[in-house]
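Trainee: got a sequence here, can you build the structure:
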Amino acid sequence: MKEDRHGLCSAEGGCADIIKRNVMSDSMEVRKPKFREKGRLMSASEIERTLVRLAHEIVEKHGGSDNVGLIGIKRRGVPLAQRLAVLIEKIEKHPVDTGVLDISFYRDDLSTAGARPVVTPGAVGFDVNGRDIILMDDVLYTGRTIRAALDALFDHGRPRSVRLLVLIDRGHRELPIEATYVGRMIPTSKREIIEVKLNEVDGQEQVLLVELAD
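Mentor: Down below sits the predicted model:
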């Protein structure tokens, strides 16, 4: 038996074994899930046309936009809220309040077995009390992200009403949460994922359907 000066080896050949294991550990790469693209669901022009339609639906449902506030769930809900604010302002001829709700989460794979969403404290950007709030996200899946977002929103005040707008509803709900405003309904399998790409976040503009590869 022998011991090196750092106390790392307790038997003959122990140091060599430790070094070998460390080298193997360093050289091994963490395996990440592989996905294959199945198709493009929406182009940049289709996204734009969809947002124009949703802007008109909001104005029609609320009889204008005087009391409306748009809040995007970070990350891709934020540019959606900002774009819709511009479109509604063009229709109504006056600005619309927009805000940000910062929630950390697994954006498209949250499930009962996964980590729960974590709400990050921070100002929404305007007073939500008594307002008709439209909460926005890119993809609606299990509903757990929206559930966490509602908790966060009500920590900031008491809106008069809250409605949900999503660009894509892919199904597979685990909570009784539905969107009032939906860009596209796209049924998916559990192995599929909707990838929304927006210029403000991704440097490109499209919606893709990808699938977990075997």
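Trainee: switch to C-alpha atoms for all contacts and neighbour counts from now on
Mentor: Fine.
Trainee: give the helix, strand or coil label for the residue nearest to Y181 when sequence neighbours are not counted.
Mentor: Spatial nearest neighbour of Y181, excluding adjacent residues (Cα to Cα, 6 or more residues apart in numbering): L165 at 4.5 Å. With DSSP: H, G, I helix; E, B strand; the rest coil as the basis, L165 sits in strand.
Trainee: mind listing what L165 touches?
Mentor: 134-137, 179-182 (Cα atoms under 8 Å, 6 or more residues apart in numbering).
Trainee: filter these down to the buried ones.
Mentor: Neighbour counting by 16 or more other Cα atoms under 10 Å classes 134-137, 179, 181-182 among those as buried.
Trainee: just read off the phi/psi values of V78.
Mentor: phi -70, psi -50 (degrees, to the nearest 10).
Trainee: burial of I71, as a residue count?
Mentor: 30 (other Cα atoms under 10 Å).
Trainee: one more: V162?
Mentor: Using other Cα under 10 Å: V162 sits among 17 other residues.
Trainee: so K197 sits against V207, correct?
Mentor: Yes: between K197 and V207 a contact is recorded at 5.9 Å, counting by Cα atoms under 8 Å.
Trainee: and these two? Which one has more around it.
Mentor: For the pair K197 and V207, the greater number of neighbours falls to V207 (22 against 19), based on other Cα under 10 Å.
Trainee: show me what counts as buried in the helix ranked longest in the chain.
Mentor: Secondary structure of the chain read by DSSP state H shows that its longest helix is helix 44-62. Buried positions in helix 44-62, judged by neighbour count with 16+ other Cα under 10 Å: 47, 50-52, 54-56, 58-59.
Trainee: mean confidence score for it?
Mentor: For helix 44-62, the mean per-residue pLDDT is 98.
Trainee: beyond that helix, next helix or strand please.
Mentor: strand 68-73 (DSSP states H and E).
Trainee: per-residue confidence at L212?
Mentor: Looking at L212, its pLDDT is 84.
Trainee: in this structure it contacts E192, no?
Mentor: Yes: the pair L212 / E192 is scored as a contact, 6.4 Å apart, by Cα under 8 Å.
Trainee: the two: who's more crowded?
Mentor: Legend: neighbour count by other Cα under 10 Å for L212 and E192, higher for E192 (20 against 13).
Trainee: for that one, give the beta-bridge partners.
Mentor: E211 (DSSP bridges).
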